[in-house]
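Novice: structure, please.
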Amino acid sequence: MISVIIAAFNAAVTIDRCISSIDIAKKNHEIELIVIDDGSNDDTARLLHKWESDRAWVTVKYQKNGGLADARNTGLDTAIGDYIVFIDADDTIDDWYFDFIIAQTVNRDIEMLAFGHKRIMLNGDVLERRNITAEYSQQEIQALQLRVTENRNIYWYACTKVYNRKLIGDIRFDCDIKLGEDGIFNIECLNRASHLSVVLDCPYNYYENVTSMTSLQYKPGLIESIEADYNARVRIHDWSIGATERQILLSDFARSYIEHMLPYLLNNLAHIQMRKRHAELMKIRQSFVYQSCLPHYHQLHPARGIRILISCFSRRWYVMTLAFLQLSWSKAKVKRHV
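Specialist: Residues are numbered from 1 along each chain as shown. Predicted coordinates:
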């Protein structure tokens with residue numbers, strides 16, 4: 001059996017589209033679908049109740065809002081399938097999705113499979129994000145674990161993976177992390193894996209939406225979430241490694257939290273009062289995450305603007321950092337209205 005887990009929060013607009021695609025792809029395969037309504041206050045519960053009433057293989061769990069990680073953990077505690085997959089409530093799968101999973105994972109007795117996805121853009125364009133096909137042994141996985149950021153197609157998403165339930169075991173998503181929880185989960189799973197298979201196929205459809213492209217409101221506690229993510233990565237990585245490997249890992253940490261996490265933190269400042277931005281920027285710079293990572297950051301970002309922004313931030317040139325951010329926000333606003 002394959003267990004499909006969906007965490008749904010206020011998903012009334014997209015949940016029927018999502019489950020309909022699963023219904024079509026199911027065919028004669030032995031599938032259980034577990035949908036967790038994470039405290040929705042729209043029409044999600046009614047729509048899910050109808051699916052549960054009409055399909056014996058659909059189970060719905062209702063709980064108070066606890067976030068994506070908490071909802072997925074409820075799904076993991078409920079699942080009885082031999083293999084686990086995650087699908088987001090606003091995405092879909094192709095009609096060959098389960099055929100593909102059985103051929104690539106079940107029939108080959110694979111512990112963990114990483115596949116590609118298609119991005120459905122707001123204007124209807126479809127972009128395929130294919131992987132490079134590869135098979136990794138346990139020793140090769142250990143080398144991968146030093147370069148998480150470089151291999152983000154493997155680490156960044158849970159929805160483009162198939163997991164053997166025995167591999168997951170007691171691993172759960174960290175509820176203290178609101179940004180990057182998939183990466184922590186995948187690192188922990190690969191700590192246990194003896195074989196990882198990566199394929200180029202793209203049976204998963206990720207739908208862009210306005211809120212996924214640009215944050216439209218301030219996210220409180222974002223720096224605390226990133227600090228929790230950092231602490232989790234420190235905890236789960238194997239540090240009993242040589243000096244060269246340790247430096248590779250520290251460099252990967254730096255690239256992850258400076259090139260990928262920092263832009264989220266800085267763009268978050270656009271949604272607070274201007275007089276509060278300087279203090280918030282100082283708080284970010286003084287965080288132990290950036291105190292730890294900046295000495296190990298030696299990359300040159302390909303985008304000149306981001307290189308300048310990182311340089312100003314690292315030197316504590318707060319006024320220049322905020323001025324540069326304001327300029328980028330203004331350009332983005334003009335572009336959205338063109």
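Novice: pLDDT weak spots in the stretch 201-338 of the chain?
Specialist: Along the stretch 201-338 of the chain, segments meeting pLDDT under 70 span 210-216, 334-338.
Novice: just the strands in it please.
Specialist: Assigned by DSSP state E, counting those that start in this stretch, the stretch 201-338 of the chain shows strands spanning 204-207.
Novice: would you state the helices of it in chain order?
Specialist: Per DSSP state H, counting those that start in this stretch, the stretch 201-338 of the chain carries helices over the ranges 210-213, 222-236, 243-255, 262-268, 274-286, 288-293, 304-314, 318-337.
Novice: in TSV, list the ones you listed along with mean neighbour count and distance to residue 72.
Specialist: Placement of C-beta: from N, CA and C, glycine included. Listed next are the helices of the stretch 201-338 of the chain as TSV, based on neighbours: other CB atoms under 10 Å; distance: least, CB to CB, whole Å:
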stretch	mean neighbour count	distance to residue 72
helix 210-213	10	18
helix 222-236	18	15
helix 243-255	16	25
helix 262-268	19	21
helix 274-286	14	28
helix 288-293	17	24
helix 304-314	16	32
helix 318-337	13	32
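Novice: could you export those helices to CSV, including columns for distance to residue 196?
Specialist: Below are the helices of the stretch 201-338 of the chain laid out as CSV (distance: least, CB to CB, whole Å):
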stretch, distance to residue 196
helix 210-213, 27
helix 222-236, 16
helix 243-255, 18
helix 262-268, 28
helix 274-286, 34
helix 288-293, 27
helix 304-314, 31
helix 318-337, 37
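Novice: among those helices, which is nearest residue 167?
Specialist: The closest of those to residue 167 is helix 222-236. By CB to CB, the value is 14.8 Å.
Novice: any idea how far the closest one is from the middle of the chain?
Specialist: Taking CA atoms, centre = their mean, to the nearest Å, one finds helix 222-236 lying 14 Å from the centre of the chain it belongs to.
Novice: and the angle for that helix with helix 274-286?
Specialist: 10 degrees (axes from the mean of the first three to the mean of the last three CA atoms, to 10 degrees).
Novice: tell me what helix 222-236 is packed against?
Specialist: For helix 222-236, the helices and strands in contact under the criterion 3 or more CB pairs under 8 Å, 6 or more residues apart in numbering; DSSP states H and E are helix 181-192, helix 262-268, helix 288-293.
Novice: again, only using 6 Å
Specialist: helix 181-192 (3 or more CB pairs under 6 Å, 6 or more residues apart in numbering; DSSP states H and E).
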